[in-house]
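>>> from the sequence below, what's the structure:
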Amino acid sequence: MDDVAPRAAVVLDALRERGMTLAVAESLTGGALCAAIVAVPGASDVLNGAVVAYATPVKSSLLGVDPELLEARGPVDPDVARQMAIGARAALAVDGRPADAGLATTGVAGPTAQGGQPVGTVHIGVSVGERVLSRRFLFAGDRAAIRAATVEAALELLLETVTDDGSGQGAPGVPQRE
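Numbers count the residues shown, from 1 in each chain. The predicted structure is shown next:
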């Protein structure tokens, strides 16, 4: 995780500068994403918490992912990643206030394919303000390499979403510190 610490610090700084909180929902990364974030001193200023929803039913019961979506497409899906990111914000609310940003990972780290999805298929979901998106990746390597690449990509996608809307003011609907 030491190699992703600088990226995690940049992400936390960007969120902190905007007065934003973060909630994380992980599947294939199994807590590695949250570990990378909490390795940065001061992470508690931003991070509300994380959920490791490794079992498919937990994605529905805890994060509110549509069970029909999970049944129809399985957990390795862009819409599942988006719903996990939204669900994390609500599940990890503090004093009734959802987190400002949600970040989610779902995919296949191997050693075998899952639900017709090849090893290395990853979907990362981000929910910031009114903006919700997912991005698909196909990473090569063993389980450890795929999980590490997912952590790096998730941090990068969150940073991109929070800081870049073309206006230099951050993502639409994202609270800005006054």
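
>>> in this protein, which ranges drop under the pLDDT threshold?
Applying pLDDT under 70 to the chain flags the ranges 1-2, 165-178.

>>> can you give me the helices in it?
For the chain, the helices defined by DSSP state H cover 5-17, 32-38, 56-61, 67-73, 78-91, 143-163.

>>> list of residues touching the first one?
This points to helix 5-17. Helix 5-17 has contacts (CB atoms under 8 Å, 6 or more residues apart in numbering) with 21-22, 36-37, 39-40, 42-43, 45-47, 100-101, 152, 155-156, 158-159, 162-163, 177. Where C-beta positions appear, they are placed from N, C-alpha and C, glycine not excepted.

>>> which residue packs closest to residue 38, ignoring adjacent ones?
In space, and not counting its chain neighbours, residue 38 is closest to residue 47: 6.6 Å by CB to CB, 6 or more residues apart in numbering.

>>> what of residue 87?
Leaving aside its sequence neighbours, residue 87 sits nearest to residue 63 (CB to CB, 6+ apart; 3.2 Å).

>>> isn't the one you found up against residue 91?
Yes - counting by CB atoms under 8 Å, residue 63 touches residue 91, with 5.9 Å between them.

>>> what do the two both touch?
25, 51.

>>> between the two, who's got more neighbours?
Remark: of residue 63 and residue 91, residue 63 carries more neighbours, 25 against 21, as counted by other CB atoms under 10 Å.
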